[in-house]
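Asks: 3D model of this:
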Amino acid sequence: MGITSNDAAPRAVLLRFLFLLCIGCKCLASEVEATQTATLAVDASPQLARKIPDTLFGIFFEEINHAGAGGIWAELVSNRGFEAGGLHTPSNIDPWSIIGDDSSVFVETDRTSCFSRNIVALRMEVLCDNCPTGGVGVYNPGFWGMNIEEGKVYNLVMFVKSPETTDLTVSLTSSNGLQNLASATVTVSGESNWIKVEQKLVAKGTNRTSRLQITTNKKGVVWFDQVSLMPEDTYKGHGFRTELISMILDLKPRFLRFPGGCFVEGGWLRNAFRWRESIGPWEERPGHFGDVWHYWTDDGLGYYEFLQLAEDLGTEPIWVFNNGVSHNDEVDTVAIAPFVKDVLDSIEFARGSANSTWGSVRAAMGHPEPFPVKYVAIGNEDCGKKFYRGNYLKFYNAIRQAYPDIQMISNCDGSSTPLDHPADLYDFHVYNDSKTLFNMKSTFDRTSRSGPKAFVSEYAVWRGDAGRGSLLASLAEAAFLTGLEKNRWNPDAIVFNSWQHYGTPSYWMQTLFRESSGAMFHPTTISSSYSGSLAASAITWQDSENSFLRVKVINFGSDAVTLTISTSGLQASINALGSTATVLTSADVMDENSFSNPTKVVPVKSDLSNAAEQMQVTLAPRSFSSFDLALAQSKLVAEM
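Replies: Below you'll find the model as predicted:
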């Protein structure tokens, strides 16, 4: 699963939602021109059931489209350390701007910071003797306007230096500065040393496109660096946006792959993600330019925070590290040793005792207990690069010797031909049109059952079929997922701005797979002349109180289907009471959700009154239907 932001215009207004489930009644969609017939046989006999791995479904996070900086990471200030313009000063301070004009205030970057790893600071010289009402200074609009909400507390931290005692006013205001939402005065004593200023701001109003401003009326010079504004109510107090994390939790992910794909490689190695520079006190982190996705990150969301997020989500962390390869340059295998040592140190940071060299750094950051890293990916999509295989073996052998239990993931595809190097898993990525991805539901049917296992960490319908999150894309992806269930991750799924968020149809489709990890898989057979447009899977799963047979069916075609579902081999009877049907569909296959209509394409749930060992349902054209058949409590519980 991916997460993305939307800082452009709101998504197109979509058509009304159309619910086309017909159970024991006349079809609601009278305009359907043709109805096909099909039979789906589910064999739930214990001898054919297979347990799905507990870690089947998870999420892939990448710092792309501000998914982290400005997204799940709750920092409100963009370019908080003034480093985004580069080390050569004076430099661009975007998105910071001045309050006043060049006759009243002069602002430039220089290299006078107290932090050796991020030396750039902002120098502000106030030129006016009689400054305008409200003072002059600087402001920061955040990533796309700061979402400030009435009654909430925001923690401001900044480092300041001034040769003379100066009063600064820190305020949260509307985008034009006219509405004051919160304000406080802080006094900077006239010293030559930098001081740390901490101030709580309580909002007395709500504004979705606010800004932070720092002003003064006194003539003189003030330096600023590492200006941070964080809401106090982050998820578990760990710095993540609560409402976005809640959507991730609803997917019940079992693993978290981080910190990305191309973000890990970098366009050039000098811009690749470096874990060492993303740990320790946030104000000392240098940040870096993500040259693949073309924006600066201050790395407040760093290696430690990703490990903490995996723990908070209750998922297995999967650490994707750079193997000396970027999009445009590579390290020769004969010189890869320092990169190998760097990765071994990163694993010690996560897994080492609080007394170890790097484990002690983790402990000092507030987590004395180790993080349980059991999986690492050696690079991202680098298999065809000149030095990948040589570099891979250096990493593989060193990690195997130091940490024999860690499972290592190769970038090379072993789905059709055996790998020519040792690996515990191989990474499988696919981006294609909807028809191709739908037809890939059988991709792993013919894959060898010996050797490394497949790790499908990236897949998506893309380009024209995908739109900006279409129903069509979600149906093809759902069909592909049924193949993964059978054989034992995802496009942008959560869209957000500073204050709104919604799930795409692909997100809602994935919620119908969240019970699959650890469930029992049962073989299915479709009989129909229309079967080329259908995909299905069946599992038995349990919640805290009940057991269910879940039958998922994707109708990728443009005709409605009268489907007869028959089950055999169940160790318990089916109860209509408690059985439900959930359908994801819409009037147009290219329909999308949007900020103006966030629930246009969402699953619709209803009671399944005719649930039985054999029953008939009608599948809407272009739909994903999930039938949860409640099972009477019997020895099924013991079997599972």
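Asks: ranges for the strands of the stretch 251-400 of the chain?
Replies: For the stretch 251-400 of the chain, the strands identified by DSSP state E, counting those that start in this stretch occupy 255-258, 288-290, 295-297, 316-321, 375-378, in order along the chain.
Asks: Next, format those strands as JSON lines and append distance to Pro621, mean pLDDT and mean neighbour count.
Replies: Quick note: C-beta positions are derived from backbone N, CA and C, even for glycine. What follows is these, written out as JSON lines (distance: least, C-beta to C-beta, whole Å; pLDDT from 0 to 100; neighbours: other C-beta atoms under 10 Å):
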{"stretch": "strand 255-258", "distance to Pro621": "34", "mean pLDDT": "96", "mean neighbour count": "26"}
{"stretch": "strand 288-290", "distance to Pro621": "41", "mean pLDDT": "97", "mean neighbour count": "21"}
{"stretch": "strand 295-297", "distance to Pro621": "41", "mean pLDDT": "96", "mean neighbour count": "20"}
{"stretch": "strand 316-321", "distance to Pro621": "38", "mean pLDDT": "98", "mean neighbour count": "24"}
{"stretch": "strand 375-378", "distance to Pro621": "39", "mean pLDDT": "97", "mean neighbour count": "23"}
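Asks: So Arg211 lies in a strand, does it not?
Replies: Yes - counting by DSSP: H, G, I helix; E, B strand; the rest coil, Arg211 is located in a strand.
Asks: Kindly state the domain boundaries assigned to the protein.
Replies: Per the TED database, the structural domains of the chain span 36-54+522-631, 60-71+235-427, 97-231.
Asks: who's in contact with the closest residue to Gly390 other than its chain neighbours?
Replies: Spatial nearest neighbour of Gly390, chain neighbours left out: Thr333 (3.4 Å); criterion: C-beta to C-beta, 6 or more residues apart in numbering. Applying C-beta atoms under 8 Å, 6 or more residues apart in numbering to Thr333 gives the contacts Phe387, Gly390, Asn391, Lys394.
Asks: Recalculate using a threshold of 10 Å.
Replies: Gly324, Lys386, Phe387, Tyr388, Arg389, Gly390, Asn391, Tyr392, Leu393, Lys394 (C-beta atoms under 10 Å, 6 or more residues apart in numbering).
Asks: separation between it and Asp424?
Replies: 21 Å (C-beta to C-beta, to the nearest Å).
Asks: dump the residue contacts of the nearest residue to Gly261 once chain neighbours are set aside.
Replies: For Gly261, ignoring the flanking residues on the chain, the nearest one in space by C-beta to C-beta, 6+ apart is Asn380 at 4.4 Å. If a contact means C-beta under 10 Å, 6+ apart, then Asn380 has 62, 257, 260-265, 320-323, 325, 409, 411, 427, 429, 457-458 as its contacts.
Asks: Lowest-scoring secondary structure element of this structure by mean pLDDT?
Replies: Least confident helix or strand of the chain, by mean pLDDT, DSSP states H and E, is strand 22-23 with a mean of 26.
Asks: Buried residues of the next helix or strand after that strand, list them for me.
Replies: Tracing the chain C-terminally past strand 22-23 and defining elements by DSSP states H and E, one meets strand 35-43 next. Residues of strand 35-43 classed as buried by neighbour count (16 or more other C-beta atoms under 10 Å): Thr35, Gln36, Ala38, Thr39, Leu40, Ala41, Val42, Asp43.
Asks: go on, stretch 536-543?
Replies: Residues of stretch 536-543 classed as buried under the neighbour-count rule (16+ other C-beta under 10 Å) are Ala536, Ser537, Ala538, Ile539, Thr540, Trp541, Gln542.
Asks: in the helix or strand harbouring Val561, what's buried?
Replies: When secondary structure is defined by DSSP H and E, Val561 falls within strand 560-568. By neighbour count, with 16+ other C-beta under 10 Å as the criterion, the buried positions of strand 560-568 are Ala560, Val561, Thr562, Leu563, Ile565, Thr567.
Asks: Same question for stretch 369-386.
Replies: Along stretch 369-386, the positions that meet the burial threshold by neighbour count (16+ other C-beta under 10 Å) are 370-371, 373, 375-383, 385.
Asks: Among those, which one lies nearest to Val221?
Replies: Checking those against Val221 by C-beta to C-beta gives Phe371 as the nearest, at 44.4 Å.
Asks: which residues touch that closest one?
Replies: Taking C-beta under 10 Å, 6+ apart, we find Phe371 in contact with 303-304, 306-308, 310-311, 317, 319, 347, 349-352, 359, 362.
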